[in-house]
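Peer 1: please find the sequence and the predicted model below.
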Amino acid sequence: MKKSNSLAVVGAQWGDEGKGKVIDYLASVADVVARFQGGNNAGHTVVYGANIFKLHHVPSGILNAGTLCLLGNGMVVDPLVLVEELAELQKRGIDTSNLRISGKAHLNMAYHKDLDEANEKLLGEKKIGTTGRGIGPAYADKIMRRGIRAIDMTAYERFRERLAGILPLQNRFLKEIYDHAGYDLDELAELYRPALEKLGPMVADSSQLLVENLNGGKKVLFEGAQGALLDIDHGTYPYVTSSSTVAAAAATGNGIGPQHISQALGVIKAYTTRVGEGPFPTEDHTEAGDQLRERGNEYGTTTGRPRRCGWFDGVIARYAAMVNGLTGLAVTKLDVLSGMDEVNMAVSYRCGEEVINNFPLSIEELKECEPVYRSFPGWDEDISRARRLEDLPAAARNFLDAIEESVGIKIELVSVGPDRSQTIICKGSNLESWIASGQQKKS
Ligand code: IMP
């Protein structure tokens, strides 16, 4: 069998690693970009020249004319939000005709958002800190076998019938537990009608499309959202999102076999951030944490929330490499560290008397862990114009070497600024070969 020419790009921290920028860069040479999990909880900021695009459902590949973009079966899609997102892209001259939605993707409905918000309120201090987009309730309905799928958008009567089946139950939850007025079936179905008309024609058997492209030797990019530490199984449960964010989910979330995932690139910031609640061992409450937030503009794309900031954590990076089977690393926002007197990296955790190198199994133990730091001299140079590793000051290269050593995975890409051009592809890396294979497409 011919080997697939694919690459999965996944987050290796708590999301917001700069995947949008990396994926946008790589999408310029890809034939297909496919998302496989999550929904509009994701927020990718892509800077291209003077243009800033904030994408939530739509893969970054949409900015490249001719790239097929897929929303896989593992996603939950909010039809109302997706229609707005497409309208915004079209208004700015972007062709969106190459987007297809898997008929098996689930719909994230208005009541899911209400249930998400109400549930968070009920949890009070124990809240997850969700994005409030309805993600958890939408996935819960999928698993409870009472969701509405994208294929149901292709026939209004069928959509209405599905809604009629689920709404009485959702209204009971909303009214009796959450003190919400609930929804009227006719009004709600009508609210969705225009979105169904727009999105229905985009519904397809995306797994069939993908396999045809993979077997035809096309370059396929799997676009991950969130990050390994937010994975429903492998993250800091329950402070996680409700989908599988790891590379293997690119197979289940797109309806293809695992042999089609040839490489897994883990995107990792040169420091660490987190939004929402939950343990974060290297979180820095001193001036250094504030500096990282301000220099790195660490405010959520989706919710605008200030992100919690701290130093690079080698323990979580090693763990993310393991649960994803990473084949390479993309280190982003290295430029944000310029001008810091010293930079730190957690190499292990101290848990009571013990020093541990592996990520703990329980979050109770994780909460007790103190990072053991290794300090490195900082650098003052502006590195935003570096285009080769050799252009970086020795101190920055030294820090990158320490990341590689700590994670045990080769760095294949370094990002030194938000623009597409501010990217270093490491010489001799698998990623360099992946980019070079096939023709560079015009973007
Ligand atoms: P949910 O995905 O909205 O249910 O939120 C669950 C957790 O995942 C919360 O801590 C969110 O802040 C976090 N989360 C969800 N999406 C993202 C993202 O795209 N970036 C960073 N954190 C996210």
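Peer 2: Looks like it came in fine.

Peer 1: ok, the most far-flung residue of the chain relative to its centre - contacts?
Peer 2: Distance from the C-alpha centroid of the chain peaks at E353, with 35.9 Å (C-alpha atoms, centre = their mean). Counting by C-beta atoms under 8 Å, 6 or more residues apart in numbering, E353 makes contact with nothing. Where you see a C-beta, it was placed from the backbone N, CA and C, and this is true even at glycine.

Peer 1: any bit of the host helix or strand of V83 sitting next to the ligand?
Peer 2: Assessed by DSSP states H and E, V83 sits inside helix 79-91. No. Applying C-beta under 6 Å from any ligand atom, one finds helix 79-91 separated from the ligand by no less than 13.0 Å.

Peer 1: and for stretch 363-374?
Peer 2: No. Applying C-beta under 6 Å from any ligand atom, one finds stretch 363-374 separated from the ligand by no less than 13.0 Å.

Peer 1: quick revisit: mind listing what's buried in the helix holding V83?
Peer 2: Using 16 or more other C-beta atoms under 10 Å as the burial criterion, the residues of helix 79-91 that qualify are P79, L80, V81, L82, V83, E85, L86, L89.

Peer 1: in JSON lines, list those along with pLDDT.
Peer 2: Shown next, in JSON lines, are these (pLDDT from 0 to 100):
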{"residue": "P79", "pLDDT": "98"}
{"residue": "L80", "pLDDT": "98"}
{"residue": "V81", "pLDDT": "97"}
{"residue": "L82", "pLDDT": "97"}
{"residue": "V83", "pLDDT": "98"}
{"residue": "E85", "pLDDT": "95"}
{"residue": "L86", "pLDDT": "96"}
{"residue": "L89", "pLDDT": "92"}
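
Peer 1: continuing past the helix holding V83, what's the next helix or strand?
Peer 2: strand 99-102.

Peer 1: helices and strands around that next one, which ones?
Peer 2: strand 68-71, strand 203-204, helix 206-215 (3 or more C-beta pairs under 8 Å, 6 or more residues apart in numbering; DSSP states H and E).

Peer 1: partner strands of that strand and their direction?
Peer 2: When pairs are called by DSSP bridges, strand 99-102 turns out to pair with strand 68-71 (parallel), strand 203-204 (parallel).

Peer 1: so which of those gets nearest D141?
Peer 2: For those, the distance to D141 is smallest for strand 68-71, at 17.7 Å, taking C-beta to C-beta.

Peer 1: how far does that closest one sit from its chain's centre?
Peer 2: With C-alpha atoms, centre = their mean, to the nearest Å as the basis, strand 68-71 stands 15 Å off its chain's centre.

Peer 1: cool, stretch 359-368 as well?
Peer 2: For stretch 359-368, the distance to the chain centre is 24 Å (C-alpha atoms, centre = their mean).

Peer 1: what does that stretch contact?
Peer 2: Around stretch 359-368, the neighbours that count as contacts under C-beta under 8 Å, 6+ apart are 236-237, 239, 278-279, 281, 315-316, 318-319, 349, 351-352, 369.

Peer 1: pull out the buried members of the residues you listed.
Peer 2: Buried among these by 16+ other C-beta under 10 Å: T236, Y239, G278, P279, P281, V315, I316, R318, Y319, Y349, C369.

Peer 1: thinking again about what came up before, using TSV, lay out the contacts of stretch 359-368 together with pLDDT and secondary structure.
Peer 2: As requested, those are exported to TSV (pLDDT from 0 to 100; DSSP: H, G, I helix; E, B strand; the rest coil):
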residue	pLDDT	secondary structure
T236	97	coil
Y237	97	coil
Y239	97	coil
G278	95	coil
P279	96	coil
P281	97	coil
V315	98	helix
I316	98	helix
R318	98	helix
Y319	98	helix
Y349	98	strand
C351	95	strand
G352	91	coil
C369	96	coil
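
Peer 1: list phi and psi for P418.
Peer 2: When read as degrees, to the nearest 10, the backbone of P418 gives phi -70, psi -20.

Peer 1: the closest residue to it other than its chain neighbours - how many residues pack around it?
Peer 2: Distances taken as C-beta to C-beta, 6 or more residues apart in numbering put V47 closest to P418, at 4.2 Å, once the chain neighbours are dropped. V47 has 16 neighbouring residues, counting by other C-beta atoms under 10 Å.

Peer 1: quick check: the gap between V47 and G18.
Peer 2: 11 Å (C-beta to C-beta, to the nearest Å).

Peer 1: next: A321.
Peer 2: Taking C-beta to C-beta, one finds A321 at 17 Å from G18.

Peer 1: also E412?
Peer 2: From E412 over to G18 the distance is 14 Å, taken as C-beta to C-beta.
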